[in-house]
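J.: Pasting the sequence and the predicted coordinates here, then a few questions.
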Amino acid sequence: MRILMMAAVAMALAMPVAAHDDDHGQPPWQGASAWPDRIVATFEGDPATSFAVSWRTAANVAVTRAEIALATPDARIDLVGRSVPAVTERVDLGTLVNNGRVIPIKANDTLPAVAYHSVRFDGLKPDTLYAYRVQGSDGHWSEWFQTRTAPTAGPIRFIYMGDAQNGVLSLWSRTIRAAFMAAPDARFMLHAGDLVNRGSRDVEWADWFKAGGFLHAMIPAIPVAGNHEYDMSDPADAMRRRMLSHLWRPQFRLPVDAALPASVQETAYVVHYSADLDVFVLDTNQPDLTPQAQWLDAQLQASKARWRIVTMHHPVFSSGGDRDNKAGRDLLLPILNKHSVDLVLQGHDHTYARGLLDAAAQAPRRTGFKVGDTLTTMFVNSVSGPKQYQFRKQGWDDYAPTGVKLERQGENGQFFQVIGIDGNRLSYTAYTADGVQYDAAVIEKRGNAKRLVKQENTAPPTRRFDNTLPYKSPDF
Ligand SMILES: [Fe+2]
């Protein structure tokens, strides 16, 4: 009996304790083991010749590696894999480290330490299919994942999604899977922030990785940090400034740019995808966006890509509730205008909004854009998860003096977008999670001039709370 009781106590001590009142417990598949899991590909260097991969294991895996081979049809590509040593980092899930201080996330947390590993595969050929696998402890290998490097130029498609944030496994999973069905050839998936609700909660990332499964490993991610990835503060900091989740940098291997402040390393970066496309990622959670604005200005000035896309979490033109990000807009809009940025992809407002801007317009725009009209920038706010807000009452009418016009809006829907770049054409299509097209626009570029050459924004009818299923805010 006594032995049994001791065993029960030992088991109870070994069991992870729910850290928050609203935790839904820790499903058994989320515990780290000798096997690699949470495998995600990203870009750190030149996407034509390299890609990065991060994964997780139990903390006792201190040294490990990955392998890569050309994805030929031969049955035994595993015999010719090139070995690449991993960089390993131990992460204590119950604490975070800030300026060398170890801070408990929650006093009664008994969450374990885990190990994050990453590699960068270099020296690859452009537009070529590779197969790779990653290892946990010796002999504990993942399956082989196939990933295609970027072309130096030429047509590509990619997926963009707004906030996943809540019910990530139960309700967001259908969106990312529908996105893959709509664009199985997508070269990357751009997540415009608030990937989870509380970025420091390991169990939410467990949901994110299970929802996307092998898609995260196969299609590189371009993750944007949202306000929900900044969910902790140092109790010793009188200002209680929020800090980036301790899981972000270990689990996404992303570019480090010495021209940016340390606080935004791996949350602000540029992906020079090809001669046709540069993607600039901003971290709009910072109290002062000036250093990033200056960096963006210089980056855009130097950019030689045919199409330039900027992505950030907080929208330049808000669409949710009574929101407005005036300071960010005042700082960033002149830079976007100056360089005639083509597309701005955002999240945060839990609504669907797409608008076109013609910065050259002399008067506030009163009517929508028609096919043939010139424009400078297309702005999109989107949401891929189940949390939904009411659309901003005045729409974008008060933004009209900037030259922007709202072309399509939506409430109470989960969306994803497929964006194609093909020479002088950019095609944009928004879908709802059932795979039905909700909105589309095609832009053509001639020299510095851009024209709207196609727009489909009337069917299906505008989604509103009063013409869709009853909604209840998710409490998960
Ligand atoms: Fe947000």
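T.: Cool, got the structure. Residues are numbered from 1 along each chain as shown.

J.: use CA for all of it now, contacts and neighbours both
T.: Fine.

J.: Centre-most residue in this structure?
T.: His191 (2.1 Å; C-alpha atoms, centre = their mean).

J.: show me the contacts for that residue.
T.: Tyr160, Met161, Gly162, Asp163, Ala221, Ile222, Pro223, Val224 (C-alpha atoms under 8 Å, 6 or more residues apart in numbering).

J.: what number of residues lie near Ile335?
T.: Burial of Ile335 is recorded as 19 neighbouring residues (other C-alpha atoms under 10 Å).

J.: What of Thr290?
T.: Quick note: Thr290 (other C-alpha under 10 Å) scores 13 neighbours.

J.: for Glu407, same thing?
T.: Other residues close to Glu407 by other C-alpha under 10 Å number 22.

J.: That one belongs to a strand, doesn't it?
T.: Yes. Residue state for Glu407 (DSSP: H, G, I helix; E, B strand; the rest coil) corresponds to a strand.

J.: Quick check: pLDDT value at it.
T.: As predicted, Glu407 sits at a pLDDT of 98.

J.: ok, it to Arg323 distance?
T.: Distance of Glu407 to Arg323, computed by C-alpha to C-alpha, to the nearest Å: 19 Å.

J.: same thing with Glu89?
T.: Counting by C-alpha to C-alpha - Glu89 and Arg323 are separated by 39 Å.

J.: Looking at the two, which one has more neighbours?
T.: Glu89 (18 against 13).

J.: Tell me if I'm right that Asp46 and Asp278 touch.
T.: No. Asp46 lies out of contact with Asp278 (C-alpha atoms under 8 Å); the separation is 11.2 Å.

J.: what touches both of these two?
T.: Common contacts of Asp46 and Asp278 (C-alpha under 8 Å, 6+ apart): Val271, His272.

J.: in the chain, which spans are helices?
T.: In the chain, the segments counted as helices under DSSP state H are 2-14, 173-182, 202-212, 214-218, 248-251, 290-302, 326-338.

J.: what packs against the fifth one?
T.: Which is helix 248-251. If contacts are counted by 3 or more C-alpha pairs under 8 Å, 6 or more residues apart in numbering; DSSP states H and E, helix 248-251 sits against strand 51-58, strand 113-121.

J.: one more time with 10 Å
T.: strand 37-42, strand 51-58, strand 87-92, strand 113-121 (3 or more C-alpha pairs under 10 Å, 6 or more residues apart in numbering; DSSP states H and E).

J.: buried ones in that helix?
T.: By neighbour count with 16 or more other C-alpha atoms under 10 Å, helix 248-251 contains the buried residues Trp248, Pro250, Gln251.

J.: pLDDT weak spots in the stretch 201-350 of the chain?
T.: Nowhere does the stretch 201-350 of the chain drop to pLDDT under 70.

J.: isn't Arg463 right next to Phe415, touching?
T.: No. In this structure, Arg463 is not within contact of Phe415 by C-alpha atoms under 10 Å, at 11.5 Å.

J.: ok, what's across the strand from Thr429?
T.: Note on Thr429: beta-bridge partners by DSSP bridges are Val418, Ala440.

J.: what's near enough to touch it?
T.: Counting by C-alpha atoms under 10 Å, 6 or more residues apart in numbering, Thr429 makes contact with 159, 416-420, 437-442, 455-456.

J.: returning to what we had before: quick one: which of the helices of the chain is nearest Leu93?
T.: Closest approach to Leu93 among these is made by helix 202-212 (7.1 Å; C-alpha to C-alpha).

J.: The closest one: which residues count as buried?
T.: Under 16+ other C-alpha under 10 Å, the buried positions of helix 202-212 are Asp202, Val203, Glu204, Trp205, Ala206, Asp207, Trp208, Phe209, Lys210, Ala211, Gly212.

J.: got it, and stretch 352-364?
T.: Tyr352, Ala353, Arg354, Gly355, Leu356, Leu357, Asp358, Ala359, Pro364.

J.: circling back: by neighbour count, sort out the buried ones in the contacts of Thr429.
T.: If we count by 16+ other C-alpha under 10 Å, the contacts of Thr429 have these buried: 159, 416-420, 437-442, 455.

J.: and which of those is nearest Ser118?
T.: Distances from Ser118 to those, taken by C-alpha to C-alpha, are shortest for Ile159, at 23.7 Å.

J.: List the contacts of the nearest residue to Arg174 once chain neighbours are set aside.
T.: The shortest distance from Arg174 to any non-neighbouring residue, by C-alpha to C-alpha, 6 or more residues apart in numbering, is to Ala433 (6.6 Å). The neighbourhood of Ala433, defined by C-alpha under 10 Å, 6+ apart, consists of 171-179, 384-385, 413-417.

J.: again, only using 6 Å
T.: By C-alpha atoms under 6 Å, 6 or more residues apart in numbering, the contact set of Ala433 is Thr175, Gln414, Phe415.

J.: these two touch, right, Tyr431 and Val418?
T.: No. Tyr431 sits out of contact with Val418 when judged by C-alpha atoms under 6 Å, with a separation of 8.0 Å.

J.: how's this structure carved up into domains?
T.: Following automatic domain parsing, the chain resolves into domains at 15-147, 151-467.

J.: Tell me which of the ones you listed sits most buried.
T.: Among the domains of the chain, ranked by average contacts under mean count of other C-alpha atoms under 10 Å, first place goes to domain 151-467 (a mean of 20).

J.: what about that one, distance to the chain center?
T.: Mean C-alpha position of domain 151-467 versus that of the full chain (C-alpha atoms, centre = their mean, to the nearest Å) differs by 9 Å.

J.: End to end on that domain, go ahead and measure it.
T.: By C-alpha to C-alpha, the extent of domain 151-467 from end to end equals 44 Å.

J.: Equivalent analysis for stretch 241-259, please.
T.: 23 Å.

J.: same question, stretch 468-476
T.: 22 Å.

J.: going forward, begin numbering at 59 instead of 1
T.: Sure, I'll start numbering at 59, so the last one becomes stretch 526-534.

J.: Please work out which residues outside that stretch touch it.
T.: Counting by C-alpha under 6 Å, 6+ apart, residues outside stretch 526-534 touching it are Asn224, Gly225.

J.: again, only using 7 Å
T.: By C-alpha atoms under 7 Å, 6 or more residues apart in numbering, the residues outside stretch 526-534 that reach it are Asn224, Gly225, Lys445.

J.: per-residue confidence at Gln88?
T.: Note on Gln88: pLDDT of 83.

J.: what's across from Gln467 in the sheet?
T.: Taking DSSP bridges as the rule, Gln467 bridges to Ala411.

J.: and it, what is it in contact with?
T.: By C-alpha under 7 Å, 6+ apart, the contact list for Gln467 reads Tyr410, Ala411, Arg412, Thr520.

J.: Is it possible to get TSV of these that adds distance to Pro131?
T.: Converted to TSV, the contacts of Gln467 look like this (distance: C-alpha to C-alpha, whole Å):
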residue	distance to Pro131
Tyr410	42
Ala411	43
Arg412	42
Thr520	46
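
J.: okay, among these, which ones form the most distant pair?
T.: Across the contacts of Gln467, the longest distance by C-alpha to C-alpha is 12.3 Å; it joins Arg412 and Thr520.

J.: ok, back up a step: take the buried residues of stretch 410-422 and write them to CSV, including pLDDT and distance to Ala320.
T.: Converted to CSV, the buried residues of stretch 410-422 look like this (pLDDT from 0 to 100; distance: C-alpha to C-alpha, whole Å):
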residue, pLDDT, distance to Ala320
Tyr410, 98, 33
Ala411, 98, 33
Arg412, 98, 33
Gly413, 98, 34
Leu414, 98, 34
Leu415, 96, 33
Asp416, 94, 35
Ala417, 88, 33
Pro422, 82, 40
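
J.: All set now, cheers.
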